[in-house]
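> Quick one, fold the following:
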Amino acid sequence: MSDTAIDKPAGDLTTGHTVRRYDQELAKLRAIILQMGERVVDQTQAAVAALIEDDESQAYRVLDREPLIDYLSLDADEEVFRVIARRQPTAVDLRIVLALSKIAGEVERAGDKAARIARQALELRQQESGGELLVEPLRAAFQRLDDKACCMFERSVHAVTSFDVTQALTIFENESKLHEAARALRDLLSESDTDGLVPRQTIALFHCAQALKHIGNHASSIAEQVIYVALGQDVRYRNREILIETLRHHGY
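This next block holds a predicted model:
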């Protein structure tokens with residue numbers, strides 16, 4: 001498939017289906033995904049706060065609330081099975097249902113990353129030898145990466161509500177900023193011996209940084225599914241720069 005091949009959408013994919021009940025079922029599935037996404041953003045922000053503010057109560061709250069995202073993921077799976085069994089969708093309809101199923105999986109895995117950060121925050125607290133664990137440059141770097149990842153993720157989930165190609169495109173355009181923030185944090189952690197961190201603490205912080213970056217990557221995967229539904233094009237392995245240029249050329 002050519003990198004320049006982008007089709008215009010056939011019409012509004014979120015409303016106006018001939019079977020009103022089917023529209024309602026898809027709307028319910030998107031609502032579950034939106035609720036999951038909002039919880040993931042809240043969980044991620046709380047986990048990072050637990051890490052950089054040395055607040056174990058935040059970490060415990062994240063771990064206590066983690067099952068809520070899992071339960072919603074099960075609800076999403078059940079709704080997908082129900083739609084397929086009742087409607088036996090084909091063509092565009094099947095594309096929507098399968099994409100929403102994949103998106104729900106991406107959101108659930110992003111929630112796992114937030115919980116991983118919370119667990120690392122608790123482990124780091126147990127390893128503290130007194131004083132603050134993170135110096136200000138590290139705190140600021142974690143906060144920047146958190147902001148980038150959460151912003152991308154929140155936008156990606158909202159793009160699902162109307163399969164908004166323009167919103168998905170902004171996520172791709174922000175990937176470079178996510179990678180820059182992740183690289184800057186890794187560079188700081190590579191110099192952490194001057195900040196009094198022992199190797200085990202540094203490794204735990206690397207895991208936290210990687211988890212945040214992966215949350216941003218999940219946002220990109222969701223955006224790919226949004227474009228797949230809206231345009232009928234699988235863009236998962238397309239060159240990003242060419243894809244962005246092509247989509248902008250087509251007015252997105």
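> The stretch 101-250 of the chain: helices as residue ranges?
Applying DSSP state H, counting those that start in this stretch to the stretch 101-250 of the chain gives helices spanning 136-160, 165-173, 175-190, 199-231, 240-249.
> Quick one, which of those gets closest to residue 50.
Residue 50 lies closest to helix 199-231 among the helices of the stretch 101-250 of the chain, at 10.2 Å (CB to CB). For every residue, glycine as well, the C-beta is placed using N, CA and C.
> tell me what that closest one is packed against?
helix 20-52, helix 91-127, helix 136-160, helix 165-173, helix 175-190 (3 or more CB pairs under 8 Å, 6 or more residues apart in numbering; DSSP states H and E).
> in the shortest one, what's buried?
When burial is assessed from 16 or more other CB atoms under 10 Å, helix 165-173 yields the following buried residues: 165, 167, 168, 169, 170, 171, 172.
> quick one on the thing from earlier: redo the helices of the stretch 101-250 of the chain as JSON lines? Include mean pLDDT and distance to residue 125.
Shown next, in JSON lines, are those (pLDDT from 0 to 100; distance: least, CB to CB, whole Å):
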{"stretch": "helix 136-160", "mean pLDDT": "96", "distance to residue 125": "15"}
{"stretch": "helix 165-173", "mean pLDDT": "96", "distance to residue 125": "33"}
{"stretch": "helix 175-190", "mean pLDDT": "96", "distance to residue 125": "18"}
{"stretch": "helix 199-231", "mean pLDDT": "96", "distance to residue 125": "10"}
{"stretch": "helix 240-249", "mean pLDDT": "94", "distance to residue 125": "38"}
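> okay if I get those helices as CSV plus distance to residue 52?
Formatted as CSV, the helices of the stretch 101-250 of the chain follow (distance: least, CB to CB, whole Å):
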stretch, distance to residue 52
helix 136-160, 5
helix 165-173, 25
helix 175-190, 12
helix 199-231, 10
helix 240-249, 30
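> and residue 119, which of those helices is closest to it?
Once the helices of the stretch 101-250 of the chain are compared by CB to CB, helix 199-231 is nearest, at 9.3 Å.
> tilt between that closest one and helix 165-173?
150 degrees (axes from the mean of the first three to the mean of the last three CA atoms, to 10 degrees).
> Helix 199-231: which residues count as buried?
201-202, 204-209, 211-231.
> Tell me the gap between it and the middle of its chain.
6 Å (CA atoms, centre = their mean, to the nearest Å).
> what's the answer for stretch 112-128, then?
That offset, for stretch 112-128, works out to 19 Å (CA atoms, centre = their mean).
> Only the buried residues of it, if you could.
Buried residues in stretch 112-128 (16+ other CB under 10 Å): 112, 113, 114, 115, 116, 117, 118, 119, 120, 121, 124.
> Turn the residues you listed into a markdown table, columns for pLDDT and distance to residue 190.
Putting the buried residues of stretch 112-128 into a markdown table (pLDDT from 0 to 100; distance: CB to CB, whole Å) gives the following:
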| residue | pLDDT | distance to residue 190 |
| --- | --- | --- |
| 112 | 98 | 26 |
| 113 | 98 | 22 |
| 114 | 98 | 24 |
| 115 | 98 | 26 |
| 116 | 98 | 21 |
| 117 | 98 | 20 |
| 118 | 97 | 24 |
| 119 | 97 | 23 |
| 120 | 95 | 18 |
| 121 | 94 | 21 |
| 124 | 90 | 18 |
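> Make TSV from those residues and add distance to residue 94 to it.
Formatted as TSV, those follow (distance: CB to CB, whole Å):
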residue	distance to residue 94
112	28
113	29
114	31
115	32
116	34
117	36
118	37
119	38
120	40
121	42
124	46
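> what does stretch 218-229 contact?
The contact list for stretch 218-229 (CB atoms under 8 Å, 6 or more residues apart in numbering) reads 13, 95-96, 99-100, 102-103, 106-107, 109-110, 113, 149, 152-153, 155-157, 159-160, 163-165, 167-169, 171-172, 175, 233-236, 247.
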